[in-house]
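Q: Generate a structure from the sequence data that follows.
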Amino acid sequence: MMTDPIADLLNRIRNALRARKPSVEVSGSRIKVDIVEILKEEGFIADYEVIPGAPPKSTLRVVLKYGSDGEDVITQMKRESKPSCRRYLKADQVPRVLGGMGICILSTPKGILSDRRARKEHVGGELICSIW
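A: Predicted coordinates:
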């Protein structure tokens with residue numbers, strides 16, 4: 001039994017980037033799809049696809065993105081709020097990662113949002129991860 005599926009998603013992406021894989025597959029869930037949607041919008045991954053399976057199982061295929069010289073687009077991924085230690089932020093406490101070069105992903109009452117969108121909508125919530 002997996003205790004932290006979000007950390008598993010981040011680790012699988014990190015390991016696939018280090019191995020120079022073109023894509024990685026993970027078990028699907030709504031929150032994972034929301035997270036990779038934000039990664040796609042922010043330009044950290046090329047694309048993603050939800051592959052339906054026998055209910056309730058689905059697979060999420062994440063197509064990774066590399067720079068023009070083959071360098072990693074994602075240099076670091078950090079799981080901030082863990083099941084053992086949750087980290088909640090108010091709207092005015094949402095951090096800027098590397099002066100705006102990276103992103104934070106938050107779980108808010110308005111859904112899973114990037115730090116820029118959370119600041120724009122003036123909402124806080126649980127800080128899921130930081131990516132740069």
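Q: Please make it C-alpha for all contacts and neighbour counts, starting now.
A: Noted.
Q: Grab the nearest non-local neighbour of residue 33.
A: residue 60 (7.4 Å; CA to CA, 6 or more residues apart in numbering).
Q: Direction included, what does the helix or strand where the one you found lies pair against?
A: For residue 60, the element it lies in under DSSP states H and E is strand 58-64. Sheet partners assigned to strand 58-64 using DSSP bridges are listed as strand 23-27 (antiparallel), strand 45-52 (antiparallel).
Q: Tell me how many other residues surround the residue nearest to residue 33.
A: 20 (other CA atoms under 10 Å).
Q: That one is in contact with residue 47, isn't it?
A: No: judged on CA atoms under 8 Å, residue 60 makes no contact with residue 47 at a distance of 10.7 Å.
Q: hmm, back to that, please name the bridge partners of the residue nearest to residue 33.
A: If you apply DSSP bridges, the partners that residue 60 bridges to are residue 26, residue 50.
Q: who touches it in this structure?
A: Listed by CA atoms under 8 Å, 6 or more residues apart in numbering, the contact set of residue 60 reads 25-28, 33, 48-51.
Q: want to throw the strands paired with strand 58-64 into TSV with mean neighbour count, distance to residue 117 and mean pLDDT?
A: Shown next, in TSV, are the strands paired with strand 58-64 (neighbours: other CA atoms under 10 Å; distance: least, CA to CA, whole Å; pLDDT from 0 to 100):
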stretch	mean neighbour count	distance to residue 117	mean pLDDT
strand 23-27	17	26	97
strand 45-52	16	19	96
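Q: Distance to residue 11 added to these, as a markdown table?
A: Shown next, in a markdown table, are the strands paired with strand 58-64 (distance: least, CA to CA, whole Å):
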| stretch | distance to residue 11 |
| --- | --- |
| strand 23-27 | 10 |
| strand 45-52 | 15 |
